[in-house]
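1. sharing a model that was predicted from the sequence below.
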Amino acid sequence: MVHSTIGSDFCNILDPTKVDRLENECPTSRSTPRYKAAAMSRVTNAILAAHVGRRPDDEIAVVNEFLRTNEVGGGEFREVTDHAGGNKHLECRVYLSAFNHADTHRIVEAVRQAPWRDREMVQLFVKEQEEELFTLRYCGSPKGC
């Protein structure tokens, strides 16, 4: 029996992309509450790069307020600039966020509407749950990116 050779941990996998494999090898997995909760999630990952320099961007507070006020998937951007490796400082500010069931257009609008002091340096990259790569969704440069 396949189930006994792979162990019970496999049956706790919450990855909804493996539904067929779970269905065949762990028939009870679909009926568990943990699996149903995982299948209902749709994550949108976002990377926001802005302003060259070491001074934080006050504009990120405006972006996060827009996201909260408009209930855009429960996410907010957090700065991760100081967590980069290497012996040099990054030459931009970097923010990350993960949203659940978010309208990507609203995330873009949150970034676009902020009063960036160096708008031409702002870039937003987004990766939807089923996508393999990030896509540039907003570029503040009037020349384009």
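-> That came through, no problem. Since we're looking at a predicted model, the values are computed, not measured. Numbering: from 1, shown residues only.

2. could you check how far the residue lying closest to residue 106 once chain neighbours are set aside is from residue 142?
-> Closest residue in space to residue 106, ignoring its immediate chain neighbours: residue 72 at 4.6 Å, by Cβ to Cβ, 6 or more residues apart in numbering. Heads up, the C-betas are built off the backbone N, CA and C, glycines and all. As for residue 72, its distance to residue 142 is 26 Å (criterion: Cβ to Cβ, to the nearest Å).

3. comparing the two, which residue is more hemmed in?
-> Relative neighbour count places residue 72 above the other of residue 72 and residue 142, with 24 against 7, counting by other Cβ atoms under 10 Å.

4. show me where this structure has strands.
-> The residue ranges that make up the strands of the chain, judged by DSSP state E, are 43-50, 78-79, 93-100, 123-128, 135-139.

5. as a markdown table, those strands with mean pLDDT would be great.
-> Rendered in a markdown table, the data for the strands of the chain read as follows (pLDDT from 0 to 100):
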| stretch | mean pLDDT |
| --- | --- |
| strand 43-50 | 94 |
| strand 78-79 | 92 |
| strand 93-100 | 93 |
| strand 123-128 | 95 |
| strand 135-139 | 95 |
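
6. deepest-packed of the ones you listed, please.
-> strand 43-50 (a mean of 20; mean count of other Cβ atoms under 10 Å).

7. pull the longest helix from the protein.
-> In the chain, assigned by DSSP state H, the helix with the most residues is helix 59-69.

8. let's have the strands of the chain in a markdown table, adding distance to residue 59.
-> Supplementary listing: these in a markdown table, determined by distance: least, Cβ to Cβ, whole Å:
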| stretch | distance to residue 59 |
| --- | --- |
| strand 43-50 | 7 |
| strand 78-79 | 12 |
| strand 93-100 | 10 |
| strand 123-128 | 13 |
| strand 135-139 | 13 |
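
9. quick one: closest of the ones you listed to residue 86.
-> With Cβ to Cβ as the criterion, residue 86 lies closest to strand 93-100 of the strands of the chain, at 13.1 Å.

10. that closest one pairs with which strands?
-> Strand 93-100 has the following sheet partners, assigned by DSSP bridges: strand 43-50 (antiparallel), strand 78-79 (antiparallel).
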